[in-house]
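> Generate coordinates for the sequence data below:
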Amino acid sequence: MPEILFLPENKKVTVKEGVSILDAATKNGIHLEHNCGGVCACATCHVIVTEGFGNLSPMEEDEEDQIEEAEGLTLKSRLACQAKVLGDLVVTIPFCSKGGHEH
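Next comes the predicted model:
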């Protein structure tokens, strides 16, 4: 079964193939914003796949449209609610600066 390492928490979880990154995070106690409830209507669950990008389901048109709203967008960005896990990954949950900086 695929493993996901979530950064910066540095927490590794094992998941069933085909689950979304968001489901993997929430079922394992990893905080990942998802204001729309995981229906691809916002971009708060934006993550950066630092390793294993090819081990994800292809990006659908809805995700392509919505991810453009994500803060700190990169070429390895995905919406956690839409990206289905097909193999091992390293996922970085970016710091969202909208709420101010934590010290």
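> Just list the residues touching the residue minimising distance to the centre of the chain, thanks.
With distances taken as C-alpha atoms, centre = their mean, A80 lies nearest the centre of the chain, 3.1 Å away. Contact analysis of A80 by C-beta atoms under 8 Å, 6 or more residues apart in numbering lists 20-22, 25, 32, 34, 45-47, 91. To be clear about C-beta, it is placed using only N, CA and C from the backbone, and glycine gets the same treatment.
> give me that answer again for 6 Å
Shown in contact with A80 (C-beta atoms under 6 Å, 6 or more residues apart in numbering): 21-22, 32, 45, 47.
> Surely D65 is in a helix?
Yes. Assessed by DSSP: H, G, I helix; E, B strand; the rest coil, D65 belongs to a helix.
> ok, back up a step: what about the residue nearest to the centre of the chain? Give its phi and psi, please.
A80 adopts backbone torsions of phi -60, psi -30, taken as degrees, to the nearest 10.
> residue boundaries of the helices in the chain?
Along the chain, the segments classed as helices by DSSP state H run 21-27, 61-67.
> Could you check how many residues crowd around the residue nearest to H34 when sequence neighbours are not counted?
What sits nearest to H34 in space, not counting adjacent residues and going by C-beta to C-beta, 6 or more residues apart in numbering, is C45, at 4.4 Å. By the criterion of other C-beta atoms under 10 Å, C45 has 28 neighbours.
> Next: the one 5 residues further on.
T50 has 14 neighbouring residues, counting by other C-beta under 10 Å.
> and if you look at Q66?
Q66 has 21 neighbours, counted by other C-beta under 10 Å.
> same deal with L79?
28.
> same question, G37
When neighbours are counted by other C-beta under 10 Å, G37 registers 11.
> Might you report the residue contacts of the closest residue to F53 other than its chain neighbours?
Of all residues not flanking F53 in the chain, K76 sits nearest, at 5.4 Å (C-beta to C-beta, 6+ apart). The contact partners of K76, by C-beta under 6 Å, 6+ apart, come to 48-49, 53.
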